[in-house]
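>>> Requesting a structural model of the entry that follows:
(chains A and B)
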Amino acid sequence: MKFRKILPRAHVIFILLPVYWLVNMSFKSNQEILSTLSLWPQDFTLENYATILTDPSWYSGYINSLIYVLLNTVISVSIALPAAYAFSRYRFLGDKHLFFWLLSNRMAPPAVFALPFFQLYSSIGLFDTHLAVALAHTLFNVPLAVWILEGFMSSVPREIDETAQIDGYSFPRFFTKIFAPMIASGIGVTAFFCFMFSWVELLLARTLTSVSAKPISAIMTRTVSASGLDWGVLAAAGTLTIIPGMLVIYFVRNHIARGFAMGRV
Amino acid sequence: MSLQIEQLCSAVNGIVHLQDISLRFDPNSFNILLGPARAGKTSLLRQIAGLDPPDSGRMLLHGADITRHGVRKRDVSFVYQEFVNYPTLSVFENIASPMRVRSEGRQTIERTVHELAELLGIGGVLDRHPPSLSGGQQQRVAIARALAKDAEVILLDEPLANLDYKLREALRRELPRLFAGKGKIVVYAATDPNEAFLLDGNTVVIDQGRIRQVGPAASVFRAPDNLSAASILSEFPINLLDANIRNSSCVVGNKLTFPLPTHMRSLSEGDYTLGFRAEQLAFEARTQSSVACAAKVAVTEITGNETIVHLDMANRPCVAVVEGTSSLRAGEQITMYLDPGGLFMFDSSGQTVASPTRSAQR
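Reported below is the predicted structural model:
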């Protein structure tokens, strides 16, 4: 085999190895994980998954995470759509500065905001709710969504807007019937990025919740029981955490590159 | 009952786009805005459509002031140079869109769309989406949508400029027929003087944001009011030479002197600009009064049945168009003949002071 074929294959194997090891572990018993080194499960079991899907303290984590992630995606995209349209179509005082300032919000580490959010949400009774995490995550996702959507919107010629006006479309009707379908892939990619950032974010999600809105990532990091770590269950939980991201990325796989370029291709 | 524009001015960031435009377009008229690129044609069309507000001036449609009316309140439709259609809607829905907004009945919409599609020869592609069509078909869809709106005023901004040669010819022949007899005011922007001649409408010559002349293309061509109108309506650049009139003679440079032709007799002595079209220069004397002038060949271009000869005459670049193919070498000294009966004379401000009589022109 030629070298140029070997290299990409080796690359893929290196990338997939940890994922494979996680899936491998999730089908083993704790004893097998700790006692032997096996490349595939010697004693195949689904018990780890059964534990997660039946124990509310486990599966509620997934439900909580999904609720605030979806809530955040909806809030971020619906706030970003009109904002991106304004940045893309209108010239106003300080528009360029404001546009850049939005992105600069992403330059501060989330830990900076953990304390003020915690104090603020505690005092107004939002602490330990899904909305608290969803709102906290908009801090990062709205600027990103505005930037990506602005790129997609700017690639739609202004003449389309004008033609719709001449045809007599009201703005809301134009936006939903003509404009939104034209940037549908952009909206999809934006939703994916919001979903992804919110799904993997751990620090704010853990700080702003305690019991009723506790995300799966927080549950996974706190599972040290009296009998030590429950390796198999943790691996199963990890595998299940990868799946939503994989599903979402499948739907936007053809547009994702443009999303990373903030829609400017 | 007409569209009237009164003293319209418009400037963007201090750059004047339109200066003191006053025009009147009648119903059932085909009007051509003719001017070079950046002359203000598109600016004027956008003002009429209400897409840009004017700085000053008024606009009246059927006597009612529409200057402050927004786009949606104006009864206009617009066709862009670059085929603008809704890419996510089918051709049928594209044409139907203005009627859908007006909430017309389903049967009316179906009937009108099919009629228009037949008229424009796009009946077979109604189920397809605009991006999958050829440029000519896309522009036909845009024109059909403009007609579907049934607006009083139809604005076309160089609708044929982005089409290839054959399609352009075909669509240009159809255009006047599409709008004829519907009582609409059609305003068509063009850069090519041939379009103004072939579409045969009321021609508005516009340059640098000002109106230079209004009238049928043929009569503007024959008797341009000014240098700008004369050069915009020439297919080839108009030839200009500095001239001086003294002792009933016209003196160009230090080699060319000829007695004033009849139509210039009344001019007073002084400096002028002599103008003549490329067709006025010939290899042989056409009349007894033809003036021989020395010229040096710079470049020749052969188009098939014509030869375009770029010359250096009296230290000015000139263009001559002669029939047939001629084999002239660059740098060759030749003698060209100019018929003084076909000369224009412009004063220092660019106004025409002498136009050739009708019989003297080709």
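>>> Now do the contacts for B:Asp312.
For B:Asp312, the residues meeting the contact criterion (C-beta atoms under 8 Å, 6 or more residues apart in numbering or on different chains) are B:Ala295, B:Lys296, B:Val297, B:Ala298, B:Cys318. Placement of C-beta: from N, CA and C, glycine included.
>>> Quick one: these as TSV, columns for neighbour count, secondary structure and pLDDT too.
What follows is the contacts of B:Asp312, written out as TSV (neighbours: other C-beta atoms under 10 Å in any protein chain shown; DSSP: H, G, I helix; E, B strand; the rest coil; pLDDT from 0 to 100):
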residue	neighbour count	secondary structure	pLDDT
B:Ala295	21	strand	88
B:Lys296	14	strand	90
B:Val297	19	strand	90
B:Ala298	16	strand	90
B:Cys318	23	strand	90
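>>> Roughly how far does B:Gln81 sit from chain A?
9 Å (C-beta to the nearest C-beta, to the nearest Å).
>>> Wasn't that residue part of a strand?
No. Read with DSSP: H, G, I helix; E, B strand; the rest coil, B:Gln81 is coil and lies in no strand.
>>> Pretty sure B:Leu163 is one of the things it touches, is it not?
No. Contact between B:Gln81 and B:Leu163 fails when scored by C-beta atoms under 8 Å: they sit 9.8 Å apart.
>>> the more surrounded of these two?
With neighbours defined as other C-beta atoms under 10 Å in any protein chain shown, B:Gln81 and B:Leu163 compare such that B:Leu163 has more, 20 against 17.
>>> Over to that one. Which of the three states is it?
Classified using three-state DSSP, B:Leu163 is coil.
>>> and it, what does it touch?
Applying C-beta under 8 Å, 6+ apart, the residues near B:Leu163 are B:Gly135, B:Gly136, B:Gln139, B:Leu171.
>>> What of B:Ala354?
B:His263, B:Met264, B:Leu267, B:Leu343, B:Phe344, B:Met345.
>>> Recalculate using a threshold of 6 Å.
B:His263, B:Met264, B:Met345 (C-beta atoms under 6 Å, 6 or more residues apart in numbering or on different chains).
>>> Tell me the helix or strand right after the helix or strand containing A:Thr190.
According to DSSP states H and E, A:Thr190 maps onto helix A:184-200. Downstream of helix A:184-200, the first helix or strand assigned by DSSP H and E is helix A:203-207.
>>> which parts of that following helix are buried?
Buried residues in helix A:203-207, defined by neighbour count with 16 or more other C-beta atoms under 10 Å in any protein chain shown: A:Leu204, A:Ala205, A:Arg206, A:Thr207.
>>> With stretch B:308-323 instead?
For stretch B:308-323, by 16+ other C-beta under 10 Å, it's B:Val309, B:His310, B:Leu311, B:Met313, B:Ala314, B:Cys318, B:Val319, B:Ala320, B:Val321, B:Val322.
>>> Just give me the neighbour total for A:Asn72.
Other residues lying near A:Asn72 total 27 when counted by other C-beta under 10 Å.
>>> For the host helix or strand of it, name the packing helices and strands.
Using DSSP H and E, A:Asn72 sits within helix A:56-89. With contacts taken as 3 or more C-beta pairs under 6 Å, 6 or more residues apart in numbering or on different chains; DSSP states H and E, helix A:56-89 sits against helix A:130-154, helix A:184-200, helix A:216-221.
>>> Okay, angle between that helix and helix A:130-154 too, please.
30 degrees (axes from the mean of the first three to the mean of the last three C-alpha atoms, to 10 degrees).
>>> Sweet, I'm off.
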